[in-house]
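here is a sequence together with a model predicted from it:
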Amino acid sequence: MAEEIIVIGAGGFGRETLDVIAAINAAAPEPVWHVLGVVDDAPAEIQAERLRDREIRLLGGVDASRALFERAYYVVGIGAPDTRARIAERVEAWGARPATLLHPAATIGTRVTISAGSVVCGGVQISTNVRLGRHTHINPAAIVGHDSTLSDFVSVNPGAIISGEVAVGGGALVGAGAIVLQGLAIGAGAIVGAGACVTKTVEPGTVVVGIPARAKEKHS
Ligand SMILES: CC(C)(COP(=O)(O)OP(=O)(O)OC[C@H]1O[C@@H](n2cnc3c(N)ncnc32)[C@H](O)[C@@H]1OP(=O)(O)O)[C@@H](O)C(=O)NCCC(=O)NCCS
């Protein structure tokens, strides 16, 4: 019997998460997941239209869907780590159960731990002895090197490369195509800009960009 699942977030990553679910179902002898629909507090009309186009139901806002969260699994398909954390903590307080979704075209090494709520997309490569915390998002074609640890609510955007022995703090985001060199730490809540090359430890809560990555000046 397929398990019921709700995807939170009608935006781009929410719909990519639906694709991951579809790929998991297609690769299994029997469907693993039955998608009840998408929950979103304020979906843009264009996103609602994109869901209608693929015949996915928009179920309404998070609070209005509480009864569904009490019976179905859920996954937060929202790229921004802080928003994802806020919503996951809200529904987990109701006892909702997070699903862990691994695209069948992701390559996962040995001794890898992936915690509940995480989404690993197609084309991802995760090396050996890697730990992913709760609700991590590893976007298409990202690479996570050996012996790295990603804490809860980390996002690794498309094509980013986390080298070996890297520690990424909770809620940090590594932008598309960025490279983090081996052995470094990315502090909690930090943002590594798209295309950056990180050569030094990144302090918590800071934004770094460029090659080599440097703290981004704050604009007034
Ligand atoms: C670094 C980042 C967080 C900055 O966001 P922001 O504060 O909104 O930045 P802005 O777009 O206002 O740009 C401010 C300045 O930073 C520069 N800048 C923005 N992102 C940059 C990046 N990744 N590398 C270098 N410079 C960057 C802009 O060119 C601009 O420069 P200027 O003031 O000289 O014109 C963001 O641009 C980024 O790279 N996020 C990751 C996005 C990503 O991975 N997207 C893929 C999603 S699937």
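Received the coordinates, thanks.

quick one, what contacts the residue most central in space within the chain?
Centrality entry for the chain: nearest residue to the mean C-alpha point is residue 137, 1.8 Å, by C-alpha atoms, centre = their mean. Counting by C-beta atoms under 8 Å, 6 or more residues apart in numbering, residue 137 makes contact with 13, 79, 84, 118, 119, 121, 154, 155, 156. Using the backbone N, CA and C atoms, a C-beta is placed for each residue, glycine as well.

for it, name its beta-bridge partners.
residue 119, residue 155 (DSSP bridges).

ok, which stretches of this protein are helices?
12-27, 45-53, 66-69, 81-92 (DSSP state H).

reformat those as a markdown table; add distance to the ligand, mean neighbour count and mean pLDDT.
Formatted as a markdown table, the helices of the chain follow (distance: least, C-beta to the nearest ligand atom, whole Å; neighbours: other C-beta atoms under 10 Å; pLDDT from 0 to 100):
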| stretch | distance to the ligand | mean neighbour count | mean pLDDT |
| --- | --- | --- | --- |
| helix 12-27 | 7 | 18 | 98 |
| helix 45-53 | 15 | 13 | 97 |
| helix 66-69 | 27 | 15 | 96 |
| helix 81-92 | 12 | 18 | 97 |
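
any chance of a markdown table for those helices, columns distance to residue 146?
Shown next, in a markdown table, are the helices of the chain (distance: least, C-beta to C-beta, whole Å):
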| stretch | distance to residue 146 |
| --- | --- |
| helix 12-27 | 24 |
| helix 45-53 | 37 |
| helix 66-69 | 36 |
| helix 81-92 | 24 |
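
quick check: which of the ones you listed is nearest to residue 114?
helix 12-27 (13.0 Å; C-beta to C-beta).
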